[in-house]
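A.B. asks: Everything below, folded, please.
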Amino acid sequence: MNLTTLGFTTYFEEQMKAFQQDTKLAKCVPARVALEHKHSYRVVAEEGEWLATVAGHFSYTTLSSEDFPAVGDWVLVEQMPGEERAIIHKLFQRKSVFSRKVAGQEIQKQIVASNVDIVLLVMSLNADFNIRRLERYLVAAWDSGAKPVIVLTKADLCEDVESKLREVEAIAFGVDLVVTSALSGEGLDEVRALFTEGITGALLGSSGAGKSTLTNALSGVELMKVAGIREDDAKGRHTTTHRELVILPNGGCLIDTPGMRELQLWDQGDSLSASFQDIEELAATCRYRDCTHQKEPHCAVQQAITTGVLEQARLQSYFKLQRELAFIERKTNAQAKLAEQRKWKQIAKGMKKEKKK
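C.D. replies: Prediction:
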């Protein structure tokens with residue numbers, strides 16, 4: 001396996017040159033994280049594929065979970081002599097990262113996939129089709145640093161594909177769109193063409209959207225289990241239970257991820273503007289600079305709703321995501337303040353101990 005196929009670009013080569021200045025890392029080689037277990041990783045290097053764990057000093061100096069390796073990351077590893085095992089000493093700086101807030105009440109960032117060039121937002125054209133959910137995915141995708149591409153699956157199960165396409169095009173400005181059907185093979189060649197050598201893509205979407213079927217079609221083998229949709233509500237069952245990087249026959253890499261029915265955003269305020277640029281452009285023409293687009297006179301956004309240019313549901317989605325991101329910002333700022341206070345308390349304690357000596 002050569003590093004170019006795995007996606008080792010000049011961005012990482014420059015970092016490797018810096019690592020090579022450290023003589024302690026002389027035996028280390030770059031490897032890519034293909035699978036993440038509870039406390040270990042499956043990594044792929046030019047020399048082979050190994051089970052890896054982080055070095056003690058790495059774990060000791062790491063402050064948060066996002067600083068640990070994730071699927072798609074490049075790491076510097078040292079193979080254990082005579083074993084199919086390795087130790088992770090360094091994490092390369094990421095060139096892109098798709099993240100979300102962890103599920104539940106905890107305010108913590110979770111990395112879904114890193115160092116991807118393309119984010120494939122997968123949504124089926126059956127009864128699980130949901131424009132509001134796609135808006136949410138687009139906000140996170142724009143923030144990742146990768147190029148978003150919308151892949152609409154199960155075209156064979158949709159009686160009116162054209163109307164669904166118009167709905168998507170109305171909210172996905174400047175985003176490439178591919179319609180696919182695993183049954184007929186429609187659109188699969190178009191998706192395959194995205195994965196030239198060294199290009200990494202990540203599949204993201206809800207359960208049953210067709211991600212695993214797409215992975216199998218792109219890889220040419222049955223890599224992922226596939227389950228049918230529930231007949232009562234057309235929603236999918238969870239088939240992919242972990243994130244995994246797959247090397248494709250044409251030289252690209254693909255990261256399949258577990259289905260996420262609810263993607264909770266994480267600190268993506270700038271990307272909200274990119275995803276809702278129609279509302280942002282209308283807001284710029286409101287009479288009042290601090291217009292909330294609720295009941296103010298001469299509000300261009302409300303006028304657009306009255307004339308049918310803008311849907312009320314889209315504006316409500318915009319407001320909802322704004323509130324969600326504002327909440328995350330308040331919470332993370334409060335957590336950062338507490339962390340800073342704890343750090344200085346520890347420093348003060350250390351200084352007192354030194355004085356007593």
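A.B. asks: now the strands for the stretch 151-300 of the chain?
C.D. replies: Ranges of strands within the stretch 151-300 of the chain are 176-179, 200-204, 244-247, 253-256, based on DSSP state E, counting those that start in this stretch.
A.B. asks: Turn those into a markdown table, columns for mean pLDDT, distance to residue 95 and mean neighbour count.
C.D. replies: Heads up, the C-betas are built off the backbone N, CA and C, glycines and all. Output for the strands of the stretch 151-300 of the chain, formatted as a markdown table (pLDDT from 0 to 100; distance: least, Cβ to Cβ, whole Å; neighbours: other Cβ atoms under 10 Å):
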| stretch | mean pLDDT | distance to residue 95 | mean neighbour count |
| --- | --- | --- | --- |
| strand 176-179 | 94 | 20 | 17 |
| strand 200-204 | 91 | 10 | 27 |
| strand 244-247 | 90 | 15 | 20 |
| strand 253-256 | 90 | 14 | 26 |
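A.B. asks: Out of these, flag the one nearest residue 33.
C.D. replies: With Cβ to Cβ as the criterion, residue 33 lies closest to strand 244-247 of those, at 7.1 Å.
A.B. asks: Work out the gap between that closest one and the centre of the chain.
C.D. replies: 15 Å (Cα atoms, centre = their mean, to the nearest Å).
A.B. asks: same deal with stretch 140-152?
C.D. replies: 8 Å.
A.B. asks: per-residue confidence averaged over it?
C.D. replies: What stretch 140-152 shows for mean pLDDT is 87.
A.B. asks: so how far is the first residue of that stretch from its last?
C.D. replies: Start-to-end span of stretch 140-152 (Cα to Cα, to the nearest Å) is 18 Å.
A.B. asks: can you check stretch 180-196 too?
C.D. replies: The first and last residues of stretch 180-196 sit 19 Å apart, counting by Cα to Cα.
A.B. asks: what do you get for stretch 125-133?
C.D. replies: So stretch 125-133: terminal residues 13 Å apart, Cα to Cα.
A.B. asks: Check stretch 298-311 too.
C.D. replies: Counting by Cα to Cα, the length from the leading to the trailing residue of stretch 298-311 is 18 Å.
A.B. asks: With stretch 287-298 instead?
C.D. replies: 6 Å.
A.B. asks: Can you name the residues bridging to the nearest residue to residue 209 once chain neighbours are set aside?
C.D. replies: In this structure, residue 209 finds its nearest non-sequential neighbour in residue 122, 4.5 Å apart by Cβ to Cβ, 6 or more residues apart in numbering. Beta-bridge partners recorded for residue 122 (DSSP bridges): residue 151.
A.B. asks: Hmm, residue 213 and residue 122 touching each other?
C.D. replies: No. The criterion here is Cβ atoms under 8 Å, and residue 122 misses it with residue 213 at 9.6 Å.
A.B. asks: what do the two both touch?
C.D. replies: Shared contacts of residue 122 and residue 213 (Cβ atoms under 8 Å, 6 or more residues apart in numbering): residue 153.
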